[in-house]
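# Next one to model:
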Amino acid sequence: MINEIKQDAEQRMQKTMVALQNEFSRMRTGRAHSGLLENITVDYYGNESPLNQVASVTVSDARTLQISPWEKAMVTVIEKAIINSELGLNPVVTGQIIRVPVPPLTEERRKEMIKLVRSEAESGRVAVRNVRRDANTHYKELLKSKDISEDEEHRAQDAIQKLTDKFIAEIDKLLSAKETDLMQI
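Residues are numbered from 1 along each chain as shown. Coordinates of the predicted model:
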């Protein structure tokens, strides 16, 4: 019982880390990477489809993304979807290829992004602490129903606390790496 609760908590904390990493990867740093366009959907014959399912997205240089639609008719649809997204990108169409220059971030925008990154990291920390709280609640329920002893409960809570500390340290490491990344010109 104790190990199952611990494993469940660890899996949930790991999922929080993955979600935070995905969120950080979507945040623009001034350098081109295909993850910038990951959340853009386009109208593909009446269905909303992710951009990567109707075109290939590649990085042509440090500040330019290149999109090659698989169908010629999709060029204008993809261009409009990028313009309408809240990324602040202006695509340039040359024939059947769409080039998306990624402008460098201004100092003001960098500071806004850092605030946003810190907020996301705090949300991750809160999620990890909520998992800890849930696990500790399960341990207390086991103690009330006399399935485990008080000593076992204390050891289990200590193990969950160590797990929580480990994941919060990882979140802090991710945060500092992203802040450093954002402040690079």
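# C-alpha from now on. contacts and neighbour counts both.
Fine.
# Break down this structure into its strands, ranges please.
41-44, 47-50, 55-61, 64-69, 92-94, 97-101 (DSSP state E).
# got the contact list for residue 14?
Contacts for residue 14 were tallied using C-alpha atoms under 8 Å, 6 or more residues apart in numbering; they are residue 167.
# Report the beta-bridge partners for residue 94.
Beta-bridge pairing for residue 94 (DSSP bridges): residue 97.
# Renumber starting at 246 from here on
With 246 as the first residue, the last one maps to residue 339.
# give me the number of residues near it?
9 (other C-alpha atoms under 10 Å).
# Can you give me the distance of it to residue 404?
Applying C-alpha to C-alpha, to the nearest Å, the value for residue 339 to residue 404 is 58 Å.
# for the chain, which spans come out with low pLDDT?
For the chain, the stretches flagged by pLDDT under 70 are 273-275, 331, 430.
# Torsion angles phi and psi at residue 349?
phi -70, psi 150 (degrees, to the nearest 10).
# Surely it and residue 307 touch.
No - contact criterion C-alpha atoms under 8 Å: residue 349 and residue 307 do not qualify, at 10.6 Å.
# of these two, who's got more company?
Higher neighbour count among residue 349 and residue 307: residue 349, with 15 against 12, using other C-alpha under 10 Å.
# Residue 255 and residue 262: what is the separation?
Counting by C-alpha to C-alpha - residue 255 and residue 262 are separated by 11 Å.
# Over to residue 283?
Distance from residue 283 to residue 262, by C-alpha to C-alpha: 19 Å.
# Which one of these two is surrounded by more residues?
residue 262 (22 against 14).
# Residue 369 is in contact with that one, correct?
Yes - with contacts counted by C-alpha under 8 Å, residue 262 reaches residue 369, the gap being 7.2 Å.
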